[in-house]
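Colleague: For reference, the sequence and a predicted model appear below.
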Amino acid sequence: MTAIAIDAGTTLVKAVGYADDGTELAVGRRPTRVLRPHPGWSEQDMAEVWAAVADATREVAARLPEPPDMVAVTAQGDGAWLVDDRDRPTGPAVLWNDGRAADLLTGWERDGTVHEAFRICGSRLSTGMPHAVLAWLRAHDPERIERSSQVLTCGGWLYLRLTGEPVVDESDASAPFLDVRKRAWSDRLLELYGMPWARRLLPDLRDDDHRVTALTAAAAEATGLPVGIPVVLAPYDICATAIGAGAVSPGQACCILGTTLSTEIVTDEVVTEEPVEPVGITVTLGVPDRYLRAFPTMSGGDVLDWGTRMLGLDSVAELMALAAQGRPDAAGVRFLPYLSPAGERAPFFDPAARGSLAGLSLEAGREDVARALVEGVTMAIRDCLAASPALPDRLALCGGGTRSDFWMRLIADVTGLPVTVPVDAEVGARGAWLTGLVATGREPDFSTAAARHVRTTATYEPDTRTADGYGDRYRGFLRLRETHRPAWHDGGATGGSGGKSGNRPIGGAGA
C-alpha cells in the first residue's frame, strides 16, 4: 500500500509519497507566489495554490509503485480564504502574515479585547487571523463579504477542492473564533470583536473523529489519484509538524528552526487565566484530548541571516562554523535577538522590542560575536520553554537549522535537554500521513503510530559540565532584557505592552 501527504506552505507546496512502512518513496515540490499589491499586504491566488498542489500530487502519484489508497493534507494556517455559495474564490486569499488590519488590532489591544479573547481562545490575536481580515474587508470591500458564504483556511480550501466539502479542522479554527476548551465556535468571541455578522461565514468544524471524506471524480482527474480514496483533513502545519516529530503526548515538545522559531509543547489542559500572559497560541493538536501550546517567536532564521551579512559571511553555515570557534562565554558578549520591525510576540509581547549587542570589549573577536548571536537566538528557545505549561524531558528539532551540528549541541547545552533530530526533511508531511493512518484505522492511536514511524537521525545530550554556566548566562540574558526594556519605548518607538514574560527557569537554573 502507498499513500500521499500534502503540505502546502506559504511559498512551497510539497507532496510526499509513502510506503506502508513509512519509507519515503517520492517528493514533488512546486513554488507558490505571494502577491504584495500594497505595502503590508500578503495574498495568494487560490486557484494557483490548488493548481500547484494538484500538479505536485500528480507527479508523485505517477512515481509510486502502485496507486495510492489514501491522501492527507496539511497547510499553512490563519488568513482568510473566502468562497461563494458555488465554492468559487471571491478574491485572492489574504494570508497569515498580512498586516493591513494593524490599526484594528491596535484598537483591540487598547480596549482589552485581546486579553479577554485570550481567556477564551487561548491565543494571542494577530493581524493575519480571520477576524482581523474579515473586519478589514467589511470596512473596505463590503461587496466581497456579501458575495462570500464561507471563510476557509488554506487546508480547508484544498480539502474543498479534493472532496467538495467546505469545512475547517479544529486546529485551524482554534484562533480567533473558537472556544478552545469547548471546541466550538464562540458567540462571545464574535461579540467581543463586534462581528456577530461573521457567524454565517464560519464553516462546519471537523473534529478528530471525522477527518475522512472520499476523493471526488473532478479532483481525481486533476491529481491523478484514484476516485473515491479517503481524503484526510490533517491539522494545520505547526500541529502536523509536531506530530511528525513525534510530539503527541503531554510533555513532549518540538521546535521548528525556520524563519521564525516555533517552540511547541503538547499538553492535555488549557490554562489561560491570570497570571498567564496572553502570548503564544493554544490550538487543538489533532490528537484526541490534546492541545499544542506554541510560542512562535520573531527571533529565528532572519536574525541569523542578518548576523551572516553583518559579519561579511556568505551563508549561515559559515556563521555557525565561525561561532563554533568562539569562546564558551563569547568573551562576555551577549545578544538580545529582537531584530524584527514588529518587535517580539513570544514568550512576551512587545512590538517595540529591539535587539542589542552588549559586553563588547577589545578582547572579543568576530568568532565571539558570532557565538553570541547564535547563543542569543538559542536563549529565545529556552525562554519559550520556560514559559511553557510543563517542562519536557527532551526536545525534537526540525527545519533547516538542524543541518548545523554545532547549533544542535548548543541548543542541548543551553536548554539542558536532550535534543533529537528526525530523519525526515518533510516533517509536516509525515505528521499529515500519521494523522491519515490513525483516521483510516491503519494505526490504533497516535502514540503507536509515532513509535512505529518517527525515526531520529541523531540525539544530542546536554553537557552537564556547562549547566551552571548556561544557567548564569540565561539569567544574565533576562537581566539584560529588563535593563534595555525602558529604552525600547523611548525616542518615539511604537508602543507595546511592556509586560514581563513571567518565565520559569529550566535546566536546573533559577530565574
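Modeller: Done, it's in.
Colleague: Break this structure into its domains for me.
Modeller: 2-233, 303-387+465-488 (automatic domain parsing).
Colleague: Any idea how far apart the tips of the last one sit?
Modeller: By that I understand domain 303-387+465-488. In domain 303-387+465-488, first residue to last residue: 18 Å (CA to CA, to the nearest Å).
Colleague: So what's the model's average confidence on it?
Modeller: Mean pLDDT, domain 303-387+465-488: 95.
Colleague: shaky segments in the protein?
Modeller: Residue ranges of the chain with pLDDT under 70: 491-511.
Colleague: State the distance from the residue sitting furthest away from the middle of the chain to Val421.
Modeller: In the chain, the residue that sits farthest from the middle, by CA atoms, centre = their mean, is Leu362; the gap is 40.0 Å. Relative to Val421, Leu362 is positioned 38 Å away (CB to CB, to the nearest Å). Where you see a C-beta, it was placed from the backbone N, CA and C, and this is true even at glycine.
Colleague: could the domains of the chain be laid out in a markdown table, adding distance to Trp433?
Modeller: Formatted as a markdown table, the domains of the chain follow (distance: least, CB to CB, whole Å):
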| stretch | distance to Trp433 |
| --- | --- |
| domain 2-233 | 4 |
| domain 303-387+465-488 | 27 |
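Colleague: any idea how far Ala72 is from the residue nearest to Arg211 when sequence neighbours are not counted?
Modeller: Excluding its sequence neighbours, the residue lying closest to Arg211 (CB to CB, 6 or more residues apart in numbering) is Ala439, at 4.4 Å. Here Ala439 is placed at a distance of 8 Å from Ala72 (CB to CB).
Colleague: With Val133 instead?
Modeller: 27 Å.
Colleague: Which of the two has more residues huddled nearby?
Modeller: Shown here are Val133 and Ala72; by other CB atoms under 10 Å, Ala72 has more neighbours (29 against 25).
Colleague: May I have the beta-bridge partners of that one?
Modeller: Beta-bridge partners for Ala72, by DSSP bridges, are Ala5, Val232.
Colleague: hmm, back to that, pop out the phi and psi values for the residue nearest to Arg211.
Modeller: Torsion angles at Ala439 (phi, psi; degrees, to the nearest 10) stand at phi -60, psi -30.
Colleague: That one and Asp207 touch, don't they?
Modeller: No - contact criterion CB atoms under 8 Å: Ala439 and Asp207 do not qualify, at 11.1 Å.
Colleague: which of those two has more neighbours?
Modeller: Per other CB under 10 Å, whichever of Ala439 and Asp207 has more neighbours is Ala439, with 22 against 13.
Colleague: Ala247: how many residues sit nearby?
Modeller: The burial count for Ala247: 30, using other CB under 10 Å.
Colleague: What of Val114?
Modeller: Val114 has 21 neighbouring residues, counting by other CB under 10 Å.
Colleague: same thing with the one 5 residues further on?
Modeller: By the other CB under 10 Å criterion, the neighbourhood of Arg119 contains 12 residues.
Colleague: Okay, it and Glu375: tell me how far apart.
Modeller: From Arg119 to Glu375 the distance is 35 Å (CB to CB).
Colleague: Same question for Cys398.
Modeller: In terms of CB to CB, Cys398 sits 21 Å off from Glu375.
Colleague: still on that earlier bit, secondary structure element holding the residue farthest from the centre of the chain?
Modeller: For Leu362, there is no helix or strand it lies in under DSSP states H and E.
Colleague: Overlap in contacts, Ala439 and Ala72.
Modeller: Shared contacts of Ala439 and Ala72 (CB atoms under 8 Å, 6 or more residues apart in numbering): Val232.
Colleague: Give the buried residues for stretch 341-357.
Modeller: 342-357 (16 or more other CB atoms under 10 Å).
Colleague: What is the most widely separated pair among the residues you listed?
Modeller: Farthest apart among these by CB to CB are Phe349 and Leu357. That separation is 23.3 Å.
Colleague: Buried ones in stretch 16-28, by neighbour count?
Modeller: In stretch 16-28, counting by 16+ other CB under 10 Å, buried: Val16, Gly17, Tyr18, Gly22, Glu24, Leu25, Ala26, Val27, Gly28.
Colleague: Looking at those, spot the one nearest Arg188.
Modeller: Checking the buried residues of stretch 16-28 against Arg188 with CB to CB, the nearest one is Val16 at 40.0 Å.
Colleague: what sits against the closest residue to that closest one other than its chain neighbours?
Modeller: Nearest non-adjacent residue to Val16, counting by CB to CB, 6+ apart: Ala429, 4.1 Å away. Applying CB under 8 Å, 6+ apart, we find Ala429 in contact with Ala5, Ile6, Asp7, Lys14, Ala15, Val16, Thr74, Ala240, Gly244.
Colleague: most surrounded residue in the residues you listed?
Modeller: Counting by other CB under 10 Å, top hit in those: Thr74 with 36 neighbours.
Colleague: How far does the helix or strand containing that one sit from its chain's centre?
Modeller: Per DSSP H and E, Thr74 falls inside strand 71-75. Mean-position distance between strand 71-75 and its chain equals 16 Å (CA atoms, centre = their mean, to the nearest Å).
Colleague: what packs against it?
Modeller: Packing partners of strand 71-75 (3 or more CB pairs under 8 Å, 6 or more residues apart in numbering; DSSP states H and E): strand 2-8, helix 154-163, strand 230-233, helix 237-244, helix 427-439.
Colleague: what are the ranges of the strands in the stretch 401-511 of the chain?
Modeller: In the stretch 401-511 of the chain, strands defined by DSSP state E, counting those that start in this stretch lie at 419-422, 456-460, listed in chain order.
Colleague: Render the CA-only coordinates of stretch 126-139 in CSV, please.
Modeller: Taking Å, rounded to 0.1, in the frame of the first residue of the first chain, the C-alpha atoms of stretch 126-139 are listed here in CSV:
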residue,chain,number,x,y,z
SER,A,126,-2.6,38.8,15.2
THR,A,127,-3.4,40.9,12.1
GLY,A,128,-3.4,37.8,9.8
MET,A,129,-6.1,35.9,11.7
PRO,A,130,-9.5,35.7,10.1
HIS,A,131,-11.3,38.1,12.5
ALA,A,132,-9.0,40.9,11.6
VAL,A,133,-9.0,40.2,7.9
LEU,A,134,-12.8,39.9,7.8
ALA,A,135,-13.3,43.1,9.8
TRP,A,136,-11.0,45.0,7.4
LEU,A,137,-12.7,43.6,4.3
ARG,A,138,-16.1,44.6,5.6
ALA,A,139,-14.9,48.1,6.1
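Colleague: got a list of what Pro278 touches?
Modeller: Val114, His115, Phe118, Arg119, Arg124, Thr272, Phe349.
Colleague: The nearest residue to Ala220 once chain neighbours are set aside - how many residues pack around it?
Modeller: Spatial nearest neighbour of Ala220, excluding adjacent residues (CB to CB, 6+ apart): Val227 at 4.3 Å. Close neighbours of Val227, defined as other CB under 10 Å, add up to 12.
Colleague: wait, what's in contact with Val227?
Modeller: So Val227 contacts Leu215, Thr216, Ala217, Ala220 (CB under 8 Å, 6+ apart).
Colleague: Return the member of those nearest to Arg138.
Modeller: Checking the contacts of Val227 one by one against Arg138 (CB to CB), the nearest turns out to be Thr216, at 32.1 Å.
Colleague: Could you find the closest non-adjacent residue to the closest one?
Modeller: Nearest one to Thr216, counting by CB to CB, 6+ apart, is Gly164 at 5.2 Å.
Colleague: sorry, back to before: quick check: angle from the strand holding Thr74 to helix 427-439?
Modeller: Orientation check (axes from the mean of the first three to the mean of the last three CA atoms, to 10 degrees): strand 71-75 against helix 427-439 gives 130 degrees.
Colleague: How far away from the center of its chain is the next helix or strand after strand 71-75?
Modeller: Moving toward the C-terminus from strand 71-75, the next helix or strand (DSSP H and E) is strand 81-83. Put simply, strand 81-83 sits 22 Å off its chain's centre (CA atoms, centre = their mean).
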